[in-house]
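Enquirer: Quick one, structure for this:
(one chain, ligands or ions: 3)
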Amino acid sequence: AADVQSEITEVLVTEEQILAKLEEVAAQVAVDYAGKELLLVGVLKGAVMVMADFSRALPGEVTMDWMAVSSYGTGTRSSGVVQIRKDLDTDLHDKHVLIVEDIIDSGLTLSWLLTNFASRGAASVEVFALLRKPDAAKVHVDCRYVGFEIPNEFVVGYGLDYAEKYRNLRDVAILAPHVYS
Ligand code: PRP
Ligand code: MN
Ligand code: MG
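Expert: Ligands and ions are numbered 1, 2, ... in the order given. Reported below is the predicted structural model:
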């Protein structure tokens, strides 16, 4: 594999900070969902790492499902027109759903997902996003749990990719502009 260090300008959030935050959020979620059956819905592929560590930080029993969506259009960023590549295997009826995402950037993906989930009869639908970029928001997303608010930079690692690369980096880091310009 190529030398990753030269492709990164700055580590924004370390693995240690991420894992500590996941423990904190998991403790809060455990309290908020006490006595309820919780279904975690991970959004492929970026949320894989968050889901793996967050679900194991939760003390109680949970079920997990996955959804794969892709936004298409002319730009490289999310267009807000989202296509389902893989739907849930689970019927959401009467379920307490917590959508697990790696990042809210423009907000278009989650905004679309929340609208899509609204008609599926869930008892509740909330969102946990590890990262959020307030300065990149194009639409407001009601997100109950946020890990870290970060500046509007192109970040990779801990599930986040550029052209499918860098997802396996342990930290969240800013990608050097020379990589994508
Ligand atoms: C990324 C990220 C979020 C979404 C956030 O997914 O994982 O799902 O973009 O962007 P938005 O708020 O502007 O919609 P991407 O579409 O790159 O797919 P991936 O998870 O497979 O990398
Ligand atoms: Mn994603
Ligand atoms: Mg991506």
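Enquirer: going forward, measure contacts and count neighbours with C-alpha atoms only.
Expert: OK.
Enquirer: Return the backbone torsion pair for the residue nearest the centre of the chain.
Expert: Nearest residue to the geometric centre of the chain (CA atoms, centre = their mean): Glu101, 1.5 Å. Backbone torsions of Glu101, given as degrees, to the nearest 10, read phi -130, psi 150.
Enquirer: same thing with Asp91?
Expert: According to degrees, to the nearest 10, Asp91 has phi -80, psi 120.
Enquirer: Ignoring the adjacent residues along the chain, who's closest to it?
Expert: Closest residue to Asp91 apart from its sequence neighbours, by CA to CA, 6 or more residues apart in numbering: Arg120 at 7.7 Å.
Enquirer: For the one you found, list the residues it contacts.
Expert: Counting by CA atoms under 8 Å, 6 or more residues apart in numbering, Arg120 touches 91-93.
Enquirer: Quick check: pLDDT value at it.
Expert: If you check Arg120, the pLDDT there is 97.
Enquirer: does it count as helix, strand or coil?
Expert: Of the three states, Arg120 takes coil under DSSP: H, G, I helix; E, B strand; the rest coil.
Enquirer: How many residues are close by Tyr180?
Expert: Under the neighbour criterion other CA atoms under 10 Å, Tyr180 is assigned a count of 10.
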